[in-house]
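Asks: coordinates only, sequence not included:
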């Protein structure tokens, strides 16, 4: 449940490769959950002749990401989240193409305040591996509050209760495979431990476990089971007399919600036990009682994906049970306790900022107006906030981590950035390099490059004007466009979309490019850069940027684009 509301807030962590979420993300609002608690479950249809379907899943941090099609759309990347009462679409760019029936609005409220209103669509049909869930409801939150925000790792949304309440779901973290069973035909035949599940009015599942915070005394606890939480364990201090802060717990910012920062502590508990299986030294977060996320449903905390991934788990809501079998990850050591931002402000003098300025492989550090900024090649500038000596976070994203390393003379020689897998990416500082323009001088271009760049602009114009005739001329018959999530569009797909757009009456997006680079490779010309899409909708201007690599070849006397690959803006 932690990912729902601040999915939008934490997107720039993933987009810029700056680290794993430190554990807390705001829960969905009581208002949304209350309004959706009575939501009728969708109608379930298995593919003909099947009662079980196997679907592989990807991993983003500790999240399970599955392909979901909405109303016959291309596959979208959704987090599978036991803590999500509803189904949420965070990719505003695709919402207009899904033929959604918007029936109203509902307020979104997270820790600390209101985040705006979400649109609600009904009669949506979701398809997962051929399993069809029809007559469903979809919530579309408002877009991010600033253009500095990006969708996290190109995730399109989250889906939860409608999957778990209508199917038996087996999660195999070793094979990264999900099996969806028809509950009426499912029978468990393994040797795992069966744990009871209870549910609150929002449909969130709870189970029982035991925890020893500081000594050997195991205390029974009621925990919400939350595959959408990237943390391992969260405990509410004082929810039971024996649930106290452990020695050495560090106070700071655990994350950020709709209304502001979520404060709390991070540390370790001595022992955690689930289904008779004990795990020692579990990294645990302890959110403050005023964070708005403690005590929900009479619980003592939540069980996140950091622990759940150590088991094969069968979620069987129809029988009010979950079955756990330890897997090969069970005995792995945990990483250190979640990194959090301390509440101590560290000031860095303007002269000291110059120590960090320079280029570090794909990253550039600059200093402006007494502040430090990081920019990945082709990406926006991000303001850094001092956290400790030679350490920084990202403004508004306190779980991000950036470190600078000095040599024995005190000179900065390296930058280290915590990536989404929790590993430190290291880049050496280049000597004598300062930020420079990424665009090539037109006078340096060959005739082929100039012609291809002209065709590239005509290609974008064809998108803007829904010009199918021009598009047919520019794209080769074997053209393929590959999106960051791996989905592919062909020439036929694009021509069909343009013809649909001509009749939709919707305003067309505008396209521009930046940081253009080109090179000639044999008979081909390769273009790279950033494509910027701007859309006017509901009186607001929305912008999306992506990196592109376009390959052109000359066929029948004219340049045609034969392949295009889009990657996330970083």
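Replies: Yes, it's here. Keep in mind the model is a prediction, meaning the values are calculated, not measured.
Asks: in the stretch 351-500 of the chain, which spans are strands?
Replies: Along the stretch 351-500 of the chain, the segments classed as strands by DSSP state E, counting those that start in this stretch run 358-360, 363-368, 371-376, 382-388, 391-394, 397-406, 412-418, 424-428, 475-482, 488-490.
Asks: Any chance of JSON lines for the ones you listed, columns distance to residue 273 and mean neighbour count?
Replies: C-beta here means a position set from N, CA and C on the backbone, and glycine is covered the same way. Formatted as JSON lines, those follow (distance: least, CB to CB, whole Å; neighbours: other CB atoms under 10 Å):
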{"stretch": "strand 358-360", "distance to residue 273": "45", "mean neighbour count": "22"}
{"stretch": "strand 363-368", "distance to residue 273": "43", "mean neighbour count": "18"}
{"stretch": "strand 371-376", "distance to residue 273": "42", "mean neighbour count": "20"}
{"stretch": "strand 382-388", "distance to residue 273": "35", "mean neighbour count": "18"}
{"stretch": "strand 391-394", "distance to residue 273": "34", "mean neighbour count": "20"}
{"stretch": "strand 397-406", "distance to residue 273": "28", "mean neighbour count": "21"}
{"stretch": "strand 412-418", "distance to residue 273": "30", "mean neighbour count": "19"}
{"stretch": "strand 424-428", "distance to residue 273": "32", "mean neighbour count": "14"}
{"stretch": "strand 475-482", "distance to residue 273": "46", "mean neighbour count": "16"}
{"stretch": "strand 488-490", "distance to residue 273": "46", "mean neighbour count": "14"}
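Asks: Looking at these, which is nearest to residue 449?
Replies: Nearest of the strands of the stretch 351-500 of the chain to residue 449, taken as CB to CB: strand 475-482 at 18.5 Å.
Asks: Distance from that closest one to the middle of the chain?
Replies: In terms of CA atoms, centre = their mean, to the nearest Å, the centre of strand 475-482 is found 28 Å from the chain centre.
Asks: just so I know, which of the strands of the stretch 351-500 of the chain lies nearest residue 555?
Replies: strand 475-482 (6.4 Å).
Asks: quick one: contacts of that closest one?
Replies: Identification of contacts with strand 475-482 by CB atoms under 8 Å, 6 or more residues apart in numbering yields 459, 488-491, 494, 553, 555, 560-566.
Asks: So in that sheet, which strands flank that strand, and in what orientation?
Replies: Here strand 475-482 is paired, per DSSP bridges, with strand 488-490 (antiparallel), strand 558-568 (parallel).
Asks: Quick one: residues contacting the residue lying closest to residue 465 once chain neighbours are set aside.
Replies: Distances taken as CB to CB, 6 or more residues apart in numbering put residue 508 closest to residue 465, at 6.9 Å, once the chain neighbours are dropped. Residue 508 is in contact with 463, 464, 465, 466, 501, counting by CB under 8 Å, 6+ apart.
Asks: ok, which stretches of this structure are helices?
Replies: 3-6, 11-15, 30-36, 92-95, 161-164, 305-308, 350-353, 447-464, 468-474, 491-504 (DSSP state H).
Asks: Out of the ones you listed, which gets the lowest mean score?
Replies: Note on the helices of the chain: lowest mean pLDDT is at helix 11-15, with a mean of 27.
Asks: Low-confidence ranges, the stretch 351-500 of the chain, go.
Replies: By pLDDT under 70, the weakly predicted segments of the stretch 351-500 of the chain are 351, 378, 395-399, 419-423, 432-444, 500.
Asks: In contact with residue 130, which residues?
Replies: Neighbours of residue 130 in contact, by CB under 8 Å, 6+ apart: 46, 47, 50, 53.
Asks: where does the stretch 1-150 of the chain dip in pLDDT?
Replies: Ranges of the stretch 1-150 of the chain meeting pLDDT under 70: 1-40, 108-116, 143-150.
Asks: List the contacts of stretch 542-555.
Replies: By CB under 8 Å, 6+ apart, stretch 542-555 touches 92-93, 143, 147, 378-380, 448, 452, 455-456, 476, 484, 513, 523-536, 559-570.
Asks: Give me the nearest residue to residue 168, chain neighbours excluded.
Replies: Spatial nearest neighbour of residue 168, excluding adjacent residues (CB to CB, 6+ apart): residue 181 at 4.0 Å.
Asks: So what pairs up with that neighbour in the strands?
Replies: Beta-bridge partners recorded for residue 181 (DSSP bridges): residue 52, residue 168.
Asks: Quick check: it touching residue 167?
Replies: Yes - the pair residue 181 / residue 167 is scored as a contact, 6.4 Å apart, by CB atoms under 8 Å.
Asks: For those two, indicate the residue with more neighbours.
Replies: Higher neighbour count among residue 181 and residue 167: residue 167, with 26 against 20, using other CB atoms under 10 Å.
Asks: could you measure that one against residue 199, distance?
Replies: 16 Å (CB to CB, to the nearest Å).
Asks: Please report how far residue 179 lies from residue 317.
Replies: Per CB to CB, residue 179 is found 15 Å from residue 317.
Asks: can you give me the strands in the stretch 1-150 of the chain?
Replies: Using DSSP E, counting those that start in this stretch, strands in the stretch 1-150 of the chain cover 43-45, 52-56, 58-60, 63-70, 76-80, 88-89, 101-110, 113-128, 131-140.
Asks: Let me know the angle separating the fourth one from strand 131-140.
Replies: Between the axes of strand 63-70 and strand 131-140, defined by axes from the mean of the first three to the mean of the last three CA atoms, to 10 degrees, the angle is 100 degrees.
Asks: Adjacent strands (with direction) for strand 63-70?
Replies: The pairing partners recorded for strand 63-70 under DSSP bridges are strand 58-60 (antiparallel), strand 76-80 (antiparallel), strand 113-128 (antiparallel).
Asks: Next, the angle from the second one to strand 52-56.
Replies: Between the axis of strand 76-80 and that of strand 52-56 there is an angle of 110 degrees, by the same axes, to 10 degrees.
Asks: Need the residues that contact strand 76-80.
Replies: When contacts are defined by CB under 8 Å, 6+ apart, strand 76-80 is touched by residues 3, 7, 57-58, 60, 63-70, 87, 89, 91, 94, 154-160, 163, 169, 178, 227-228, 485.
Asks: now the residues you listed: which count as buried?
Replies: 3, 7, 57, 60, 63-70, 87, 89, 91, 154-160, 163, 169, 178, 227-228, 485 (16 or more other CB atoms under 10 Å).
Asks: ok so, going back, out of the contacts of stretch 542-555, which are buried?
Replies: 92, 143, 378-380, 448, 452, 455-456, 476, 484, 513, 524-533, 535, 559-566, 568-570.
Asks: Residues contacting stretch 556-566, please?
Replies: 448, 451-452, 455-456, 459, 473-476, 478-484, 524-525, 531, 546-554.
Asks: 6 Å - rerun?
Replies: For stretch 556-566, contacts defined as CB atoms under 6 Å, 6 or more residues apart in numbering pick out 451-452, 455, 475-476, 479-484, 546, 548-553.
Asks: repeat for stretch 520-537
Replies: Contacts of stretch 520-537 (CB under 6 Å, 6+ apart): 378, 448-449, 452, 456, 507, 509-519, 542-553.
Asks: and residue 307, what does it touch?
Replies: 232, 233.
Asks: ditto for residue 54
Replies: 177, 179.
Asks: Bridged to the nearest residue to residue 546 once chain neighbours are set aside, which residues?
Replies: Leaving aside its sequence neighbours, residue 546 sits nearest to residue 566 (CB to CB, 6+ apart; 4.7 Å). Residue 566 has these beta-bridge partners by DSSP bridges: residue 548.
Asks: can you check residue 193 too?
Replies: On the basis of DSSP bridges, residue 193 is bridged to residue 324.
Asks: For residue 519, see how far away residue 566 is.
Replies: For residue 566, the distance to residue 519 equals 19 Å [CB to CB].
Asks: Oops, could you answer that again for residue 268 instead?
Replies: Counting by CB to CB, the gap from residue 268 to residue 519 is 51 Å.
Asks: Which one's more surrounded, those two?
Replies: Neighbours of residue 268 and residue 519, each counted by other CB under 10 Å, are more numerous for residue 268; the result is 20 against 13.
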